[in-house]
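Asks: Using only what follows, build the 3D model:
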Amino acid sequence: MTDERKDPSELSDADKPTGNVSSPYDSPTEQFPTVSAKNPLPRTDDDLDFGSTNANSLTEQIPTYRAPGADQPTVALERETAYDAPIAAVPTAEAVAGTTVAGTTEAPRSRGTLDLGLLALRLAVGGTALVHGLQKLTGIWNGPGLGGFETMLADAGFQQAKWMAILGAVGEVAGGALLILGLLTPVAAASVLAVMINAWALRQASAPGLEYFAPAGTEYEMLLGICAGVIILTGPGRIALDGRRGWATRPFVGSLVVLILGIAAGVCTWIFLNGANPLI
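Replies: Okay, here's the model as predicted:
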(Lines give C-alpha, C1' and ligand atoms only; values in the text may rest on other atoms or scores of the structure.)
Protein backbone atom coordinates (compact mmCIF):
# COMPACT_ATOMS: atom_id res chain seq x y z
CA MET A 1 0.00 0.00 0.00
CA THR A 2 1.33 3.41 -1.03
CA ASP A 3 0.31 7.04 -0.44
CA GLU A 4 0.28 7.84 -4.17
CA ARG A 5 -2.95 9.39 -5.34
CA LYS A 6 -4.73 7.88 -8.27
CA ASP A 7 -6.57 9.79 -10.89
CA PRO A 8 -10.34 9.30 -10.35
CA SER A 9 -10.75 8.19 -13.94
CA GLU A 10 -8.36 5.32 -13.35
CA LEU A 11 -10.24 3.91 -10.33
CA SER A 12 -12.11 0.72 -10.76
CA ASP A 13 -15.68 0.32 -9.73
CA ALA A 14 -14.60 -1.43 -6.57
CA ASP A 15 -12.27 1.40 -5.66
CA LYS A 16 -14.83 4.18 -6.21
CA PRO A 17 -16.25 5.48 -2.98
CA THR A 18 -19.85 4.72 -2.17
CA GLY A 19 -22.02 6.16 0.48
CA ASN A 20 -20.39 8.36 2.99
CA VAL A 21 -17.05 9.86 2.06
CA SER A 22 -14.42 8.69 4.43
CA SER A 23 -11.81 11.28 3.31
CA PRO A 24 -11.89 14.60 1.41
CA TYR A 25 -9.10 13.33 -0.81
CA ASP A 26 -11.33 10.50 -2.09
CA SER A 27 -13.78 12.99 -3.70
CA PRO A 28 -12.11 16.32 -4.71
CA THR A 29 -14.33 19.36 -5.05
CA GLU A 30 -12.88 20.38 -8.48
CA GLN A 31 -11.48 18.16 -11.14
CA PHE A 32 -8.76 19.50 -13.46
CA PRO A 33 -8.45 18.16 -16.98
CA THR A 34 -5.82 15.58 -17.72
CA VAL A 35 -2.79 16.86 -19.60
CA SER A 36 -2.23 14.73 -22.67
CA ALA A 37 -1.34 15.05 -26.34
CA LYS A 38 -4.97 15.85 -27.04
CA ASN A 39 -5.19 18.43 -24.30
CA PRO A 40 -1.76 20.03 -23.96
CA LEU A 41 -0.94 22.84 -21.51
CA PRO A 42 -1.91 26.28 -22.90
CA ARG A 43 1.09 28.37 -23.90
CA THR A 44 -0.45 31.36 -25.74
CA ASP A 45 -3.54 33.54 -25.40
CA ASP A 46 -5.15 31.70 -28.29
CA ASP A 47 -4.77 28.38 -26.44
CA LEU A 48 -6.72 29.77 -23.51
CA ASP A 49 -9.79 30.25 -25.75
CA PHE A 50 -11.83 32.29 -23.30
CA GLY A 51 -15.50 31.37 -23.10
CA SER A 52 -15.27 28.24 -25.28
CA THR A 53 -16.57 24.88 -24.15
CA ASN A 54 -13.51 23.23 -25.71
CA ALA A 55 -11.06 25.21 -23.62
CA ASN A 56 -7.91 23.29 -22.66
CA SER A 57 -7.81 24.68 -19.15
CA LEU A 58 -10.09 26.21 -16.64
CA THR A 59 -9.61 29.95 -16.80
CA GLU A 60 -11.50 32.95 -15.63
CA GLN A 61 -12.11 35.83 -17.99
CA ILE A 62 -12.07 39.30 -16.44
CA PRO A 63 -15.12 41.27 -17.59
CA THR A 64 -14.32 44.28 -19.75
CA TYR A 65 -15.44 47.76 -18.73
CA ARG A 66 -17.69 49.62 -21.13
CA ALA A 67 -18.47 53.24 -20.48
CA PRO A 68 -22.09 54.34 -20.55
CA GLY A 69 -23.13 55.23 -24.07
CA ALA A 70 -20.25 53.30 -25.67
CA ASP A 71 -22.69 51.43 -27.91
CA GLN A 72 -23.98 54.66 -29.46
CA PRO A 73 -22.62 55.62 -32.92
CA THR A 74 -19.75 58.08 -33.03
CA VAL A 75 -20.70 61.60 -34.09
CA ALA A 76 -18.13 63.54 -36.16
CA LEU A 77 -17.40 66.95 -34.64
CA GLU A 78 -17.51 69.90 -37.00
CA ARG A 79 -14.31 71.98 -37.15
CA GLU A 80 -14.76 75.58 -36.20
CA THR A 81 -14.04 78.07 -38.96
CA ALA A 82 -11.72 80.02 -36.68
CA TYR A 83 -9.20 77.21 -36.85
CA ASP A 84 -9.18 77.31 -40.65
CA ALA A 85 -7.74 80.83 -40.78
CA PRO A 86 -4.09 80.97 -41.90
CA ILE A 87 -1.58 81.34 -39.13
CA ALA A 88 0.69 84.36 -39.43
CA ALA A 89 4.33 83.46 -39.95
CA VAL A 90 6.61 84.13 -36.99
CA PRO A 91 9.35 86.61 -37.98
CA THR A 92 12.83 85.17 -38.03
CA ALA A 93 15.72 86.45 -35.95
CA GLU A 94 17.29 87.99 -39.05
CA ALA A 95 14.15 89.95 -39.85
CA VAL A 96 13.84 91.16 -36.25
CA ALA A 97 17.49 92.20 -36.25
CA GLY A 98 16.94 94.26 -39.42
CA THR A 99 18.49 91.99 -42.02
CA THR A 100 16.63 92.07 -45.33
CA VAL A 101 14.83 88.77 -45.97
CA ALA A 102 12.77 87.82 -49.01
CA GLY A 103 9.32 89.35 -48.60
CA THR A 104 10.25 91.58 -45.67
CA THR A 105 11.36 95.18 -45.31
CA GLU A 106 14.56 96.16 -43.67
CA ALA A 107 13.90 97.73 -40.29
CA PRO A 108 15.43 101.19 -39.81
CA ARG A 109 18.57 101.19 -37.75
CA SER A 110 19.52 103.84 -35.25
CA ARG A 111 22.50 105.89 -36.41
CA GLY A 112 22.74 108.17 -33.41
CA THR A 113 24.36 111.53 -34.25
CA LEU A 114 26.21 110.19 -37.31
CA ASP A 115 23.95 111.98 -39.82
CA LEU A 116 24.25 115.23 -37.90
CA GLY A 117 28.04 114.96 -37.97
CA LEU A 118 28.05 114.28 -41.72
CA LEU A 119 25.81 117.30 -42.26
CA ALA A 120 28.24 119.52 -40.34
CA LEU A 121 31.18 118.15 -42.39
CA ARG A 122 29.35 118.77 -45.68
CA LEU A 123 28.42 122.30 -44.67
CA ALA A 124 32.00 123.13 -43.69
CA VAL A 125 33.65 121.69 -46.81
CA GLY A 126 30.91 122.77 -49.21
CA GLY A 127 30.62 126.27 -47.77
CA THR A 128 34.38 126.85 -47.92
CA ALA A 129 34.60 125.60 -51.52
CA LEU A 130 31.56 127.69 -52.51
CA VAL A 131 32.85 131.04 -51.23
CA HIS A 132 36.33 130.50 -52.67
CA GLY A 133 34.82 129.54 -56.02
CA LEU A 134 32.67 132.67 -56.01
CA GLN A 135 35.78 134.78 -55.33
CA LYS A 136 37.44 133.34 -58.44
CA LEU A 137 34.30 133.39 -60.60
CA THR A 138 32.80 136.79 -59.75
CA GLY A 139 35.48 138.68 -57.79
CA ILE A 140 33.18 139.00 -54.75
CA TRP A 141 34.72 139.36 -51.26
CA ASN A 142 37.94 140.87 -52.66
CA GLY A 143 38.50 137.89 -54.96
CA PRO A 144 40.65 137.93 -58.10
CA GLY A 145 37.72 137.34 -60.43
CA LEU A 146 37.85 135.14 -63.49
CA GLY A 147 40.46 137.30 -65.26
CA GLY A 148 42.77 137.48 -62.26
CA PHE A 149 42.43 133.73 -61.72
CA GLU A 150 43.34 133.11 -65.38
CA THR A 151 46.46 135.28 -65.05
CA MET A 152 47.50 133.48 -61.89
CA LEU A 153 47.21 130.07 -63.61
CA ALA A 154 49.14 131.25 -66.67
CA ASP A 155 51.96 132.58 -64.46
CA ALA A 156 52.06 129.20 -62.69
CA GLY A 157 52.75 127.46 -66.01
CA PHE A 158 49.32 126.04 -66.84
CA GLN A 159 48.44 125.53 -70.47
CA GLN A 160 44.93 126.51 -71.55
CA ALA A 161 44.81 128.87 -68.58
CA LYS A 162 41.47 130.40 -69.65
CA TRP A 163 39.63 127.09 -69.72
CA MET A 164 41.38 125.97 -66.58
CA ALA A 165 40.21 129.13 -64.79
CA ILE A 166 36.60 128.55 -65.84
CA LEU A 167 36.62 124.85 -64.96
CA GLY A 168 38.34 125.47 -61.64
CA ALA A 169 35.98 128.25 -60.54
CA VAL A 170 32.83 126.46 -61.70
CA GLY A 171 34.03 123.21 -60.15
CA GLU A 172 34.43 124.84 -56.74
CA VAL A 173 31.10 126.69 -56.87
CA ALA A 174 29.05 123.76 -58.17
CA GLY A 175 30.80 121.21 -55.98
CA GLY A 176 30.40 123.35 -52.86
CA ALA A 177 26.71 124.05 -53.50
CA LEU A 178 25.93 120.37 -54.15
CA LEU A 179 27.78 119.33 -51.01
CA ILE A 180 25.69 121.73 -48.94
CA LEU A 181 22.49 120.32 -50.42
CA GLY A 182 23.69 116.73 -50.30
CA LEU A 183 22.80 116.23 -53.96
CA LEU A 184 24.98 114.10 -56.24
CA THR A 185 27.30 114.04 -53.27
CA PRO A 186 30.02 111.67 -54.57
CA VAL A 187 30.39 113.64 -57.83
CA ALA A 188 30.41 116.98 -56.00
CA ALA A 189 33.02 115.80 -53.50
CA ALA A 190 35.15 114.35 -56.33
CA SER A 191 35.04 117.73 -58.10
CA VAL A 192 36.23 119.55 -54.99
CA LEU A 193 38.92 116.90 -54.46
CA ALA A 194 40.29 117.32 -58.01
CA VAL A 195 40.44 121.12 -57.60
CA MET A 196 42.17 120.79 -54.22
CA ILE A 197 44.81 118.45 -55.67
CA ASN A 198 45.75 121.07 -58.27
CA ALA A 199 45.62 123.84 -55.64
CA TRP A 200 47.95 121.81 -53.39
CA ALA A 201 50.40 121.15 -56.24
CA LEU A 202 50.30 124.82 -57.31
CA ARG A 203 51.09 126.10 -53.83
CA GLN A 204 53.69 123.40 -53.22
CA ALA A 205 55.47 124.22 -56.51
CA SER A 206 55.60 127.95 -55.68
CA ALA A 207 58.02 127.41 -52.78
CA PRO A 208 61.04 125.09 -52.61
CA GLY A 209 60.81 122.03 -50.35
CA LEU A 210 57.78 120.65 -48.53
CA GLU A 211 55.71 123.36 -46.86
CA TYR A 212 52.71 122.52 -44.71
CA PHE A 213 51.86 125.36 -42.35
CA ALA A 214 49.91 128.41 -43.56
CA PRO A 215 50.16 130.96 -45.03
CA ALA A 216 52.90 129.61 -47.30
CA GLY A 217 52.13 125.94 -46.61
CA THR A 218 49.51 123.59 -47.99
CA GLU A 219 47.54 122.71 -44.85
CA TYR A 220 44.35 124.42 -46.10
CA GLU A 221 44.31 122.64 -49.49
CA MET A 222 45.30 119.31 -47.93
CA LEU A 223 42.61 119.52 -45.25
CA LEU A 224 39.82 120.34 -47.72
CA GLY A 225 40.97 117.62 -50.12
CA ILE A 226 41.05 114.95 -47.39
CA CYS A 227 37.63 115.98 -46.06
CA ALA A 228 36.18 115.79 -49.58
CA GLY A 229 37.57 112.26 -49.94
CA VAL A 230 36.09 111.28 -46.58
CA ILE A 231 32.64 112.47 -47.68
CA ILE A 232 32.91 110.27 -50.80
CA LEU A 233 33.67 107.23 -48.64
CA THR A 234 31.06 107.88 -45.92
CA GLY A 235 28.20 109.24 -48.02
CA PRO A 236 26.19 112.37 -47.24
CA GLY A 237 24.05 110.80 -44.51
CA ARG A 238 20.27 110.95 -44.22
CA ILE A 239 20.05 114.71 -43.76
CA ALA A 240 20.60 115.32 -47.46
CA LEU A 241 18.72 115.26 -50.75
CA ASP A 242 20.52 111.98 -51.44
CA GLY A 243 19.50 110.64 -48.04
CA ARG A 244 17.08 108.03 -49.40
CA ARG A 245 19.63 106.45 -51.70
CA GLY A 246 21.34 103.26 -50.55
CA TRP A 247 24.87 104.58 -51.02
CA ALA A 248 24.00 107.68 -48.96
CA THR A 249 24.15 105.69 -45.73
CA ARG A 250 25.96 102.50 -46.76
CA PRO A 251 28.48 103.33 -49.52
CA PHE A 252 30.60 100.49 -50.87
CA VAL A 253 32.50 99.77 -54.08
CA GLY A 254 30.92 102.61 -56.07
CA SER A 255 32.17 105.22 -53.63
CA LEU A 256 35.68 103.81 -53.80
CA VAL A 257 35.57 104.01 -57.61
CA VAL A 258 34.44 107.65 -57.48
CA LEU A 259 37.27 108.46 -55.07
CA ILE A 260 39.85 106.91 -57.42
CA LEU A 261 38.37 108.82 -60.39
CA GLY A 262 38.50 112.12 -58.49
CA ILE A 263 42.16 111.60 -57.57
CA ALA A 264 42.99 110.52 -61.11
CA ALA A 265 41.27 113.61 -62.59
CA GLY A 266 43.22 115.99 -60.36
CA VAL A 267 46.59 114.27 -60.94
CA CYS A 268 46.12 113.97 -64.72
CA THR A 269 45.09 117.62 -65.01
CA TRP A 270 48.29 118.72 -63.29
CA ILE A 271 50.53 116.35 -65.25
CA PHE A 272 49.15 117.10 -68.74
CA LEU A 273 48.40 120.83 -68.35
CA ASN A 274 51.31 121.90 -66.11
CA GLY A 275 53.85 119.11 -65.80
CA ALA A 276 56.00 120.70 -63.08
CA ASN A 277 57.28 118.60 -60.18
CA PRO A 278 55.62 120.05 -57.07
CA LEU A 279 58.04 118.30 -54.70
CA ILE A 280 61.19 120.08 -55.93
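Asks: CA only for contacts and neighbour counts going forward, please
Replies: Will do.
Asks: low-scoring pLDDT stretches of this structure, where are they?
Replies: Along the chain, the model assigns pLDDT under 70 to residues 1-43, 45-108.
Asks: longest helix in it, by residue count?
Replies: If you go by DSSP state H, the chain has its longest helix at helix 114-138.
Asks: C-terminal to that one, what's the next element?
Replies: helix 145-155 (DSSP states H and E).
Asks: ok so, going back, which strands and helices sit next to the longest helix of the chain?
Replies: The contact analysis (3 or more C-alpha pairs under 8 Å, 6 or more residues apart in numbering; DSSP states H and E) places helix 114-138 against helix 145-155, helix 161-181, helix 219-234.
Asks: Pull the number of nearby residues for Thr218.
Replies: Other residues near Thr218 come to 19 when the count uses other C-alpha atoms under 10 Å.
Asks: should've said Arg238
Replies: Arg238 has 19 nearby residues by other C-alpha under 10 Å.
Asks: ok, now which ones touch the nearest residue to it once chain neighbours are set aside?
Replies: In space, and not counting its chain neighbours, Arg238 is closest to Asp115: 5.8 Å by C-alpha to C-alpha, 6 or more residues apart in numbering. Listed by C-alpha atoms under 8 Å, 6 or more residues apart in numbering, the contact set of Asp115 reads Pro236, Gly237, Arg238, Ile239.
Asks: Check Ala165 too.
Replies: Ala165 neighbours (C-alpha under 8 Å, 6+ apart): Leu146, Phe149, Glu150, Leu153.
Asks: what does Met164 give?
Replies: By C-alpha under 8 Å, 6+ apart, the neighbours of Met164 are Glu150, Leu153, Phe158.
Asks: Surely the last one touches Asn274?
Replies: Yes - here Phe158 reaches Asn274: they are 4.7 Å apart, a contact under C-alpha atoms under 8 Å.
Asks: Pick out whichever of those two has more residues nearby.
Replies: Phe158 (23 against 20).
Asks: Can you give me the separation between that one and Asp242?
Replies: 36 Å (C-alpha to C-alpha, to the nearest Å).
Asks: what do you get for Ile263?
Replies: Distance from Ile263 to Asp242, by C-alpha to C-alpha: 22 Å.
Asks: With Ala205 instead?
Replies: From Ala205 over to Asp242 the distance is 37 Å, taken as C-alpha to C-alpha.
Asks: before we move on, what about Gly117?
Replies: For Gly117, the distance to Asp242 - C-alpha to C-alpha - is 16 Å.
Asks: Likewise for Gly145?
Replies: Gly145 sits at a distance of 32 Å from Asp242 (criterion: C-alpha to C-alpha).
Asks: Can you tell me the SS state at Gly157?
Replies: When classified by DSSP: H, G, I helix; E, B strand; the rest coil, Gly157 comes out as coil.
Asks: Which residue is the nearest non-sequential neighbour of it?
Replies: Here the residue nearest Gly157, using C-alpha to C-alpha, 6+ apart, is Asn274, at 5.7 Å.
Asks: Just name the closest of the contacts of Ala165 to Met222, please.
Replies: Leu153 (19.1 Å; C-alpha to C-alpha).
Asks: Secondary structure class of Pro236, three-state.
Replies: Taking three-state DSSP as the rule, one finds Pro236 in the coil state.
Asks: How many neighbouring residues does it have?
Replies: For Pro236, the count of nearby residues is 35 (other C-alpha under 10 Å).
Asks: which ones are touching it?
Replies: Neighbours of Pro236 in contact, by C-alpha under 8 Å, 6+ apart: Asp115, Leu118, Leu119, Arg122, Gly182, Thr185, Asp242, Gly243, Ala248, Thr249.
Asks: can you tell me which of those residues lies nearest to Gly171?
Replies: Taking C-alpha to C-alpha as the measure, Gly171 lies nearest Thr185 of those, at 13.3 Å.
Asks: That closest one and Ser255, how far apart?
Replies: 10 Å.
Asks: Overlap of the contact sets of the two?
Replies: In contact with both Thr185 and Ser255: Ile232, Gly235, using C-alpha under 8 Å, 6+ apart.
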